[in-house]
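# kindly generate the corresponding structure for this input.
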Amino acid sequence: MFPGDRDIDVTKNIKMIEWLKSELLTTIASLYHILARGLRDSHDALVDILANIILVTYLLGRRLGISFRLIDVRVHEKIRLGILENHQLEEWYGDLSHLKQYLDKDEN
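Numbers count the residues shown, from 1 in each chain. Sure thing, here's the model as predicted:
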């Protein structure tokens, strides 16, 4: 590795982090926009937007030095805690239990 190579890698990483942050904000803005318009005929667009938020979040974490696995572990911890504390989403709809069942199914 040449002396300047490390600087180039750091610069590229910073540029990618900034792009991912921008992409995340743009996608969240799209979510707000589509929800403000109404949900009629928006199912595919919503699925695409939500999938992009999840994808960009994982990639941003990786660029920041956080492993995909650690993000997954924290998600599982937050689900468990929400179930234990009977979060309103859990109390009213059972969403956290449903998500836990879905994620546990994928691990087996």
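# grab the nearest non-local neighbour of residue 46.
Closest residue to residue 46 apart from its sequence neighbours, by Cβ to Cβ, 6 or more residues apart in numbering: residue 34 at 6.4 Å. Placement of C-beta: from N, CA and C, glycine included.
# just give the number of residues close to that neighbour.
15 (other Cβ atoms under 10 Å).
# got it, and residue 104?
Residue 104 has 11 neighbouring residues, counting by other Cβ under 10 Å.
# before we move on, what about residue 82?
Using other Cβ under 10 Å, residue 82 has 19 neighbouring residues.
# helix or strand for it, which one?
Taking DSSP states H and E as the criterion, residue 82 maps to helix 68-84.
# just checking, next helix/strand downstream of that helix?
According to DSSP H and E, the helix or strand after helix 68-84 is helix 88-93.
# quick one: distance of that following helix to the chain centre.
Taking the mean C-alpha point of helix 88-93 and that of its whole chain, the gap between them comes to 21 Å (Cα atoms, centre = their mean, to the nearest Å).
# which secondary structure elements does it contact?
Judged by 3 or more Cβ pairs under 8 Å, 6 or more residues apart in numbering; DSSP states H and E, helix 88-93 is in contact with helix 68-84, helix 95-107.
# to residue 15, which of these lies closest?
With Cβ to Cβ as the criterion, residue 15 lies closest to helix 68-84 of those, at 21.4 Å.
# next, the buried residues of the closest one.
71, 79, 82-83 (16 or more other Cβ atoms under 10 Å).
# the residue nearest to residue 46 and residue 79, how far apart?
26 Å (Cβ to Cβ, to the nearest Å).
# ok so, going back, please report the distance of the residue nearest to residue 46 from residue 25.
Distance from residue 34 to residue 25, counting by Cβ to Cβ: 15 Å.
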